[in-house]
Every structure is written in C-alpha cells, then in structure tokens.
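Trainee: Prediction below, plus the sequence it came from.
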Amino acid sequence: MRTTTARTTTLAAAAVLLLAACGGTDLPGYGSGVDPTGPAASASSRGPAQDGFTDPAEVAEAEPGGAMLLTVTDVRVEEHDGFDRVVLLLDGDGSPSWRVGHVDAALDPGTGEPVAVDGDAVLEVALTGTAMPMDSGVTEYGGDPVDGPGGAVEQVVYGFVYEGTTSVFVGVTDERPFRVEVQEDPPAVTVDVQH
C-alpha cells in the first residue's frame, strides 16, 4: 500500500514537472506557453514590468458587462513618454471587456488565414461583448491599418467583429510589457505598450 501511494505521488510530481517544462497551458490563438493565471515559465528578456504594466508573457482579461452592444468606431495610436498607446474608441451599450496577449501570428478569427501586420511581434487585442453595426446602431471603424510612431508600436490592423469578438492586431518591435485600461469620456479601451 505504501509503495502504491509513493508511486502515485511520484507520478503526479513528474506530470507537474513535465507540464511546467512544456511551458504551461496552451491557449489557441494566444501562442504556446501562455498561462492566463500567471506568468509563463520563461522570464521576460526585457526585465520586470513596472507601473501597472503586465509581463509580456501574460494575458490580461476582463469580463463583459451590460448589453454587450459596443462597436469600435475609431482606432488611434499615440506616443507618450515611455510607451505607445493604442486607443480603440467605442460607442453603443454595455461595458467593454478584453483579452490581450502576445501571439505567435496574427490570424483572422473567421478564416484562420494570416493577417499582414508590420512588426517583429504581435499583440492581439480581442474585445468581447461587441456587436455588428446593424445590432449596435453605430458605424464601425473602416478598417484601414494605422501606423505607429515607431517607439514600440509599428502598426495596428483592425480585424472587424466576428461572433461577438472584435480582433485588433498590434504589430510591435518585440514582445514588451503592456497594460489595458478603460476610458470613460469618450468610451475607449486603451492598450499601452512600454518602450
């Protein structure tokens, strides 16, 4: 009986070590080794995140609230001291929510086809609880790529809404710390990418 318990404990410990060595939980569309509950096994080469910035290996999330009838009306990129800011202006009803993280490649959620975006790394912004323009009564952003100032953000490519999720791909110079915040006036989700 003691031998069986010891073997079971040893096998469980080996499974945990194997999972850790493989990089944690794989999330489709969010690159291998990204664990939404904490940092990935490998440390960031850019050092620790500061001032509310998330480690590049993490995923930032917030749940939707309200009517979930928001639509992105404009996309902007601003340069600030120490970071570039991507601004996704919103209109409609509800509270914005998101899932943001670095991905191996920008892929169209509807077709799975690659999306061209300038930059050596890609930060995917998935806004959930969003609606088609005919449901929200708001005119959706036209979709033209927006070039960044070149500090951290190279280009932003808007991917439109698909099954309640609006995908936006941020091409960056490399995987960098980021933070996500909500603006109230005007309503927007902002993603700051550290220089």
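Mentor: Perfect, thanks for sending it.
Trainee: So M134: helix, strand or coil?
Mentor: For M134, the secondary structure call by DSSP: H, G, I helix; E, B strand; the rest coil comes out as helix.
Trainee: same check, this time on the one 10 residues further on
Mentor: Of the three states, D144 takes coil according to three-state DSSP.
Trainee: Please name the residues that touch it.
Mentor: Y158 (CB atoms under 8 Å, 6 or more residues apart in numbering). For glycine as for every other residue, the C-beta is placed from the backbone atoms N, C-alpha and C.
Trainee: after the one helix or strand in the chain whose mean pLDDT sits lowest comes which helix or strand?
Mentor: Across the helices and strands of the chain, mean pLDDT, DSSP states H and E gives its lowest value to helix 2-21, namely a mean of 34. Toward the C-terminus, helix 2-21 is succeeded by strand 60-62 as the next helix or strand (DSSP states H and E).
Trainee: mind listing what that next one pairs with, with the direction of each?
Mentor: Strand pairing for strand 60-62, using DSSP bridges, gives strand 97-103 (antiparallel).
Trainee: Could you list the alpha-carbon positions for the partner strand in PDB?
Mentor: Output of strand 97-103 as PDB, limited to C-alpha atoms (Å, rounded to 0.1, in the frame of the first residue of the first chain):
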ATOM      1  CA  SER A  97     -14.100  43.700 -22.000                       C
ATOM      2  CA  TRP A  98     -11.000  42.300 -23.400                       C
ATOM      3  CA  ARG A  99      -8.400  39.500 -23.700                       C
ATOM      4  CA  VAL A 100      -5.000  40.900 -24.600                       C
ATOM      5  CA  GLY A 101      -1.700  38.900 -25.100                       C
ATOM      6  CA  HIS A 102       1.200  38.300 -27.400                       C
ATOM      7  CA  VAL A 103       0.500  35.700 -30.100                       C
END
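Trainee: Output the longest strand belonging to the chain.
Mentor: Taking DSSP state E as the assignment, the strand of the chain that covers the most residues is strand 65-80.
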